[in-house]
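> Got a predicted structure plus its sequence, pasted below:
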Amino acid sequence: MITIKNERELESMRQACKITAAARALAGEMVRPGVSTRAIDQAVRDYIVSQGAKPSFLNYNGFPASACISVNSTVIHGIPGGYILREGDIVSIDVGAYYKGFHGDCAATFACGAISTDAQKLIDVTRQSFFEGMKFAKMGFRVQDISHAIQTYVESNGFSIVRSFVGHGVGRQLHEEPEVPNFGHPGRGPRLVKGMTIAVEPMVNAGTHEVRIQKDGWTVLTADGKLSAHYENTVLITDGEPEILTVTEGL
């Protein structure tokens, strides 16, 4: 069942999303050569806790960290550890914070030092595809109107959209209905109504859209070893333009 949030609930959710967005920005500032993914995860955890919130991902279905940190050909759900970031890496960081009964969820891909022009294009197209989808994140449209806009933009730029994982509703639960694919046919899926909150998160690959899951049960890699990028925000459907709840300047 799709949950519609009232104004009181939305106020709490805005606070959760503000913490989440700040944690993403903090993590992004730490992306530079010589920094371990474990150090970034610890900083994310410390910040979220300092705000009186809880990391949404920590122990979620057994996930062992507070942030998903996915480097280069890792699409999503990368487990932070001893990996030391290197010049030229691209680093996708996905974070969530739980505050006053609600979750925020957002992600972005960051450049580690100087990266290739192809890698930068992948990051830029992935981010812009989200905003192409936002043109249809309005009352009266359907979920797959967002999906189709994302897919069309990504594929027109020569990249592929991951199909094995999708966006989702978010609120009292980290994952709620409806599913929000990043591909699809316009005019399909649930109709968007005021008070819906959804996490829209294009995952874009430089090569094939196919992925494979590592033996740890979490880490998702591109099937061909090529780069992947990720961009996500929590979005509120209003009676006008969508409200991006996890927005921060420059992200």
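Structure received.
> Look up how far P33 lies from F57.
Shown here: F57 relative to P33, a distance of 25 Å by CB to CB, to the nearest Å. For glycine as for every other residue, the C-beta is placed from the backbone atoms N, C-alpha and C.
> Neighbour count for these two, which is higher?
F57 (26 against 13; other CB atoms under 10 Å).
> Please enumerate the helices of this protein.
Ranges of helices within the chain are 7-29, 37-50, 117-134, 143-156, based on DSSP state H.
> in the third one, what's buried?
Put plainly, it is helix 117-134. With burial defined by 16 or more other CB atoms under 10 Å, the residues of helix 117-134 counted as buried are 119, 122-123, 125-134.
> Columns pLDDT on top of these, output as JSON lines?
Formatted as JSON lines, the buried residues of helix 117-134 follow (pLDDT from 0 to 100):
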{"residue": "A119", "pLDDT": "98"}
{"residue": "L122", "pLDDT": "98"}
{"residue": "I123", "pLDDT": "98"}
{"residue": "V125", "pLDDT": "98"}
{"residue": "T126", "pLDDT": "98"}
{"residue": "R127", "pLDDT": "98"}
{"residue": "Q128", "pLDDT": "98"}
{"residue": "S129", "pLDDT": "98"}
{"residue": "F130", "pLDDT": "98"}
{"residue": "F131", "pLDDT": "98"}
{"residue": "E132", "pLDDT": "98"}
{"residue": "G133", "pLDDT": "98"}
{"residue": "M134", "pLDDT": "98"}
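> Could you single out the nearest of those residues to N6?
Closest approach to N6 among the buried residues of helix 117-134 (CB to CB): M134, at 23.0 Å.
> For the closest residue to the closest one other than its chain neighbours, give me its contacts.
Across the structure, with CB to CB, 6 or more residues apart in numbering as the measure, the residue nearest M134 apart from its sequence neighbours is P242 (5.5 Å). Going by CB atoms under 8 Å, 6 or more residues apart in numbering, P242 touches M134, A137, K138, V235, L236.
> Find me the pLDDT at the last one, would you?
Translated: L236. Predicted confidence (pLDDT) at L236: the value is 98.
> so it makes contact with T197?
Yes. Taking CB atoms under 8 Å as the definition, L236 is a contact partner of T197 at 5.4 Å.
> With P186 as the reference, measure out to the residue nearest to M134.
Relative to P186, and taking CB to CB, P242 is found at 17 Å.
> burial count for G88?
For G88, using other CB under 10 Å, the count is 14.
> In this structure it contacts G113, no?
Yes. In this structure, G88 sits in contact with G113. The criterion is CB under 8 Å, and the distance is 6.5 Å.
> Give me the buried stretch members for stretch 186-194, please.
Residues of stretch 186-194 classed as buried: G189, P190, L192 (neighbour count, 16+ other CB under 10 Å).
> Quick check: of those, which lies closest to A97?
Nearest to A97 out of those is L192 (CB to CB; 24.7 Å).
> got the contact list for that closest one?
Contacts for L192 were tallied using CB under 8 Å, 6+ apart; they are A137, K138, M139, G140, F141, R142, V143, I237.
> got the residue ranges for the strands in the stretch 101-250 of the chain?
102-111, 160-161, 167-169, 176-180, 197-200, 203-205, 211-213, 220-222, 228-230, 233-236, 243-244 (DSSP state E, counting those that start in this stretch).
> Tell me what angle the longest one forms with helix 37-50.
When you say that, I think you mean strand 102-111. Going by axes from the mean of the first three to the mean of the last three CA atoms, to 10 degrees, strand 102-111 is angled at 150 degrees with respect to helix 37-50.
> And strand 102-111, how far out from the chain middle?
5 Å (CA atoms, centre = their mean, to the nearest Å).
> Kind regards, and thank you for your time.
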